[in-house]
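Asker: quick one: sequence plus predicted model below, questions after.
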Amino acid sequence: MQILVLYAISLITSIVVAALLKMPLIQKSRPIRFSFETSILFPTPILALGIEAIFRNLFGDYITLAFFAGLFGALFSKYSDKIFGEP
């Protein structure tokens, strides 16, 4: 049960931080399945859940790490095109 709480914390944190960073809710280009544009709903929560799983396996079950995983997931999603370049 505690794992689900940690996942929920990282998920909610990533969505809130992405909204504060003024990311779009969904991709604007159509069709969405061919879009490389990041948004609040994809890939931000997926990245946050993955980072939280890595933190949990490396460091243990801590609420603060779940919060930071959500924060890092949103920041990584926002600036991923600057890190890797645009396709």
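Answerer: Everything's here; your move. Residues are numbered from 1 along each chain as shown.
Asker: give me the mean pLDDT for the longest helix belonging to the chain.
Answerer: Counting by DSSP state H, the longest helix found in the chain is helix 2-20. The average pLDDT within helix 2-20 is 96.
Asker: tell me the buried residues in the helix or strand following that helix?
Answerer: Following helix 2-20 in sequence order, the next helix or strand is helix 44-59 (DSSP states H and E). Neighbour counts over helix 44-59 (16 or more other CB atoms under 10 Å) mark 44-45, 47-49, 51-52, 55-56 as buried. Heads up, the C-betas are built off the backbone N, CA and C, glycines and all.
Asker: for those, which one is nearest Met1?
Answerer: Nearest to Met1 among the buried residues of helix 44-59: Arg56, at 13.9 Å, using CB to CB.
Asker: the closest one against Val5, yeah?
Answerer: No - applying CB atoms under 8 Å as the test, Arg56 and Val5 come out as separate, 11.5 Å apart.
Asker: related to what we said a few turns ago, by contact count, what packs against the longest helix of the chain?
Answerer: helix 44-59, helix 63-78 (3 or more CB pairs under 8 Å, 6 or more residues apart in numbering; DSSP states H and E).
Asker: dump these into JSON lines; add mean pLDDT and distance to Thr38 as well.
Answerer: What follows is the helices and strands packed on helix 2-20, written out as JSON lines (pLDDT from 0 to 100; distance: least, CB to CB, whole Å):
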{"stretch": "helix 44-59", "mean pLDDT": "95", "distance to Thr38": "7"}
{"stretch": "helix 63-78", "mean pLDDT": "95", "distance to Thr38": "5"}
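Asker: need those in CSV (columns: distance to Ile12).
Answerer: Shown next, in CSV, are those (distance: least, CB to CB, whole Å):
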stretch, distance to Ile12
helix 44-59, 9
helix 63-78, 7
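Asker: what's the closest of the ones you listed to Ala19?
Answerer: helix 63-78 (8.8 Å).
Asker: export that closest one to PDB, keeping only CA atoms.
Answerer: Only the C-alpha atoms of helix 63-78 are listed here, as PDB (Å, rounded to 0.1, in the frame of the first residue of the first chain):
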ATOM      1  CA  ILE A  63       8.100  10.400   0.700                       C
ATOM      2  CA  THR A  64      10.600  13.200   0.000                       C
ATOM      3  CA  LEU A  65      12.200  11.100  -2.700                       C
ATOM      4  CA  ALA A  66       8.800  10.600  -4.300                       C
ATOM      5  CA  PHE A  67       8.300  14.400  -4.200                       C
ATOM      6  CA  PHE A  68      11.700  14.900  -5.900                       C
ATOM      7  CA  ALA A  69      10.900  12.200  -8.400                       C
ATOM      8  CA  GLY A  70       7.800  14.100  -9.500                       C
ATOM      9  CA  LEU A  71       9.800  17.300  -9.600                       C
ATOM     10  CA  PHE A  72      12.600  15.800 -11.700                       C
ATOM     11  CA  GLY A  73      10.100  14.100 -14.000                       C
ATOM     12  CA  ALA A  74       8.400  17.400 -14.800                       C
ATOM     13  CA  LEU A  75      11.600  19.300 -15.300                       C
ATOM     14  CA  PHE A  76      13.100  16.600 -17.500                       C
ATOM     15  CA  SER A  77       9.900  16.500 -19.500                       C
ATOM     16  CA  LYS A  78       9.900  20.300 -19.900                       C
END
